[in-house]
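K.L.:
Task: produce atomic coordinates for the following.
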Amino acid sequence: MEIPPRSPNGSEKSPQSKELVTSNTGSTLCMSSRSESMWTSTSRSKWEIYHKPVIVVSVGAAIFLFGMVITSLSCFLTKNKKVYKMCGPAFLSLGLMLLVCGLVWIPIIRKKQKQRQKSQFLQSLKSFFFNH
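P.N.:
Predicted structure coming up:
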């Protein structure tokens, strides 16, 4: 075995041992956080689960409606018509994009919730059979 060179005061560790300590600590923290999340998961309300996609859908719908209003203004108003014709479709497309992203996000969250429930059930079965 090869002994790494020590510093004169003996307080510093070699670079290899520093890497080992930090990587070992990082993986331990990662593993413990994963295992804790399995056992300490509390049931969350529907709003806590779906609040982000609902907000995205709401903002998207509002921007889409604003784009419709601006686009329709270009038909009725003659002053600043070019500005309305440029900004209206931009708001329409931005609002539609946010609306669709939020609507797609909801089924993804539902699927994750089902997978998490199955995973917790299987984990409890494993712990029951292997610990007894």
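
K.L.:
okay, CA-based contacts and neighbour counts for the rest of this
P.N.:
Will do.

K.L.:
Where does the prediction get shaky in the protein?
P.N.:
For the chain, the stretches with pLDDT under 70 are 1-42, 132.

K.L.:
ok, residue 89 - contacts?
P.N.:
Taking C-alpha atoms under 8 Å, 6 or more residues apart in numbering as the criterion, residue 89 is in contact with 67, 68, 71.

K.L.:
Pull the number of nearby residues for residue 61.
P.N.:
20 (other C-alpha atoms under 10 Å).

K.L.:
So it is in contact with residue 99, correct?
P.N.:
Yes: using C-alpha atoms under 8 Å, residue 61 makes contact with residue 99 at a distance of 5.9 Å.

K.L.:
okay, and the common contacts of those two?
P.N.:
Counting by C-alpha under 8 Å, 6+ apart, nothing touches both residue 61 and residue 99.

K.L.:
Among the contacts of residue 89, which one lies nearest to residue 105?
P.N.:
The nearest member of the contacts of residue 89 to residue 105, counting by C-alpha to C-alpha, is residue 67 at 22.8 Å.

K.L.:
Next SSE downstream of the helix or strand harbouring that closest one?
P.N.:
According to DSSP states H and E, residue 67 maps onto helix 46-76. Using DSSP H and E, the helix or strand that follows helix 46-76 in sequence is helix 81-131.

K.L.:
quick one, that next one and helix 46-76 angle?
P.N.:
160 degrees (axes from the mean of the first three to the mean of the last three C-alpha atoms, to 10 degrees).

K.L.:
Which residue is the nearest non-sequential neighbour of residue 82?
P.N.:
With C-alpha to C-alpha, 6 or more residues apart in numbering as the measure, residue 74 is the residue that lies nearest to residue 82, at 7.6 Å, once sequence neighbours are left out.
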